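Asker: Got a predicted structure here, sequence first:
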Amino acid sequence: METASLFSLEGEVAVVTGAGRGIGEGIARVLAAAGASVVLAARRTHEIERVAKAIQEDGGEALAVTTDVTDDASVEALAKGAVDAFGRLDVWVNNAGGSPIQSSLVDLPREEWDATLRLNLTAVWSCTVIANRYLADGGRILNISSKAGEDPVPGSGHYSAAKAGVNSLTKSFARELGPRIRVNCIMPGAVPTEIMMKALRLGEKDLPKLEKGLRLPAGRLGTPEDLGAAALFLVSRASDWVTGEVISVAGGM
């Protein structure tokens, strides 16, 4: 078998939630470059339409589907739309999430706790339940968690708790859905996306100081493309014997 074929997604269809920017956009672009027809999901229609256009201009296939991952009917329409458009579904990436709010847990408003868990944990569960009904045999589900799920960030305990839950869900779903479907998870480290910058109250001018302060063995902050490359491994044939794993992609953090 040629090495390149291990990473090829030719003829396959992938859904990526939260695909309008940041890590989700990076993953979608890499999967499309590997040959997948990519269905881009997010609440902001103009963002996923921009990403779809860029993928199409690069010669790939992409479809933008406006989706609220916290609404089961919307997620059901996303899965059905992917199959209606491309005839099958092989890969589902649960990337949508985030929390721009910083607060100690004792001062956190109850509504913010509920909203964070609904978006970052409950939606991963419900999306996976729905995706399971549409994925072809041999399907793959990839969850995007966070290093915060292992190493809580001060002021983000609610987000850390949700991501720790995603790590646990990954292992449970891998046992329940295998061997028909593989389920894995990536924990990104410091990738300066819009959500991370807002949560940590950082501007572009702050990044060199952040990079120096973290002293990452890899020598730099991460990029969406770094996460896309890791995602490609975990949804391709190259990782056929990998399931139930929660993998840190964080430059050595």
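Answerer: Now that the structure is in, tell me what you want to look at.

Asker: quick one: the helices in the stretch 101-250 of the chain?
Answerer: Here the stretch 101-250 of the chain has its helices, by DSSP state H, counting those that start in this stretch, at 110-117, 123-134, 157-177, 194-199, 207-214, 224-235.

Asker: Let me have those helices in JSON lines, adding mean pLDDT as columns.
Answerer: Converted to JSON lines, these look like this (pLDDT from 0 to 100):
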{"stretch": "helix 110-117", "mean pLDDT": "97"}
{"stretch": "helix 123-134", "mean pLDDT": "98"}
{"stretch": "helix 157-177", "mean pLDDT": "98"}
{"stretch": "helix 194-199", "mean pLDDT": "65"}
{"stretch": "helix 207-214", "mean pLDDT": "69"}
{"stretch": "helix 224-235", "mean pLDDT": "97"}
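
Asker: for the ones you listed, which one sits closest to residue 100?
Answerer: helix 194-199 (4.5 Å; Cβ to Cβ). Using the backbone N, CA and C atoms, a C-beta is placed for each residue, glycine as well.

Asker: Which pLDDT does the model give the residue nearest to the spatial centre of the chain?
Answerer: Closest to where the C-alpha atoms of the chain average out (Cα atoms, centre = their mean) is residue 95, at 2.4 Å. On pLDDT, residue 95 comes in at 98.

Asker: what's the closest of the helices of the stretch 101-250 of the chain to residue 13?
Answerer: Nearest of these (Cβ to Cβ): helix 123-134, 9.9 Å.

Asker: just how off-centre is that closest one within its chain?
Answerer: 14 Å (Cα atoms, centre = their mean, to the nearest Å).

Asker: Then stretch 149-162?
Answerer: Counting by Cα atoms, centre = their mean, stretch 149-162 is centred 17 Å from the centre of its parent chain.

Asker: neighbours around residue 108, how many?
Answerer: Using other Cβ atoms under 10 Å, residue 108 has 17 neighbouring residues.

Asker: Next: residue 246.
Answerer: 19.

Asker: Could you number the chain from 59 rather than 1 from now on?
Answerer: Sure, I'll start counting at 59 from here, so that last one is residue 304.

Asker: Roughly how far does residue 188 sit from residue 182?
Answerer: 11 Å (Cβ to Cβ, to the nearest Å).

Asker: Can you pick out the residue with more neighbours from these two?
Answerer: For the pair residue 188 and residue 182, the greater number of neighbours falls to residue 182 (28 against 21), based on other Cβ under 10 Å.

Asker: now the more buried one, nearest residue through space, not along the chain?
Answerer: Once flanking residues are discounted, residue 182 sits nearest to residue 152: 4.7 Å by Cβ to Cβ, 6 or more residues apart in numbering.

Asker: surely that neighbour meets residue 188?
Answerer: No - the pair residue 152 and residue 188 fails to qualify as a contact (Cβ atoms under 8 Å) at a distance of 10.9 Å.

Asker: where do the strands sit along the protein?
Answerer: 71-75, 95-100, 119-124, 149-152, 197-202, 239-246, 304-307 (DSSP state E).

Asker: Next, the angle strand 71-75 makes with the third one.
Answerer: What it means is strand 119-124. In terms of direction (axes from the mean of the first three to the mean of the last three Cα atoms, to 10 degrees), strand 119-124 departs from strand 71-75 by 40 degrees.
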